[in-house]
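>>> Could you work out the structure for the sequence below:
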Amino acid sequence: MLKPSSNIIKTPHKSYYSVVIAVAKRAREIVEKAEENNQILVEKPVDLAVQDFVDDKVRIIETETEEENV
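The predicted structure is shown next:
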């Protein structure tokens, strides 16, 4: 089980839901890039994605929705 995901949330406005979605999208990007380059991934894509967020290689940017503006 991955524990560093709690380190991704550094500011109070980020939710666990947004972290899960962002990690899933990043993992898909990693898989697609590996397939394009005909590479075999030794580590799981989700592990690599979480590590990217922990290392600040990728950041989560949340946009405001209309509901939040009301």
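>>> any weak-confidence spans in the chain?
Low-confidence segments of the chain, defined by pLDDT under 70, span residues 1-14, 65-70.
>>> ok, now how distant is the residue minimising distance to the centre of it from residue 58?
Central residue of the chain (CA atoms, centre = their mean): residue 23, 2.4 Å from the mean position. When distance is defined by CB to CB, to the nearest Å, residue 23 is 9 Å away from residue 58. All C-beta spots, glycine's among them, are computed from the backbone N, C-alpha and C.
>>> residues shared between the contacts of these two?
Counting by CB atoms under 8 Å, 6 or more residues apart in numbering, the shared contacts of residue 23 and residue 58 are residue 49.
>>> count of residues packed around the nearest residue to residue 45 once chain neighbours are set aside?
Nearest-residue entry for residue 45: residue 27, 4.0 Å, with adjacent residues in sequence omitted and distances by CB to CB, 6 or more residues apart in numbering. Here the count is done by other CB atoms under 10 Å, and residue 27 has 18 residues near it.
>>> buried ones in the helix or strand hosting the residue nearest to the centre of the chain?
Per DSSP states H and E, residue 23 falls inside helix 16-36. Within helix 16-36, the residues that qualify as buried are 19, 22, 23, 26, 27, 30, 31, counting by 16 or more other CB atoms under 10 Å.
>>> Distance to residue 42 for those residues - can I get that in TSV?
Shown next, in TSV, are the buried residues of helix 16-36 (distance: CB to CB, whole Å):
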residue	distance to residue 42
19	24
22	23
23	19
26	17
27	15
30	12
31	13
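>>> Just confirm residue 45 contacts residue 35, I think it does.
No. Using CB atoms under 8 Å, residue 45 and residue 35 do not qualify as a contacting pair, with a distance of 10.8 Å.
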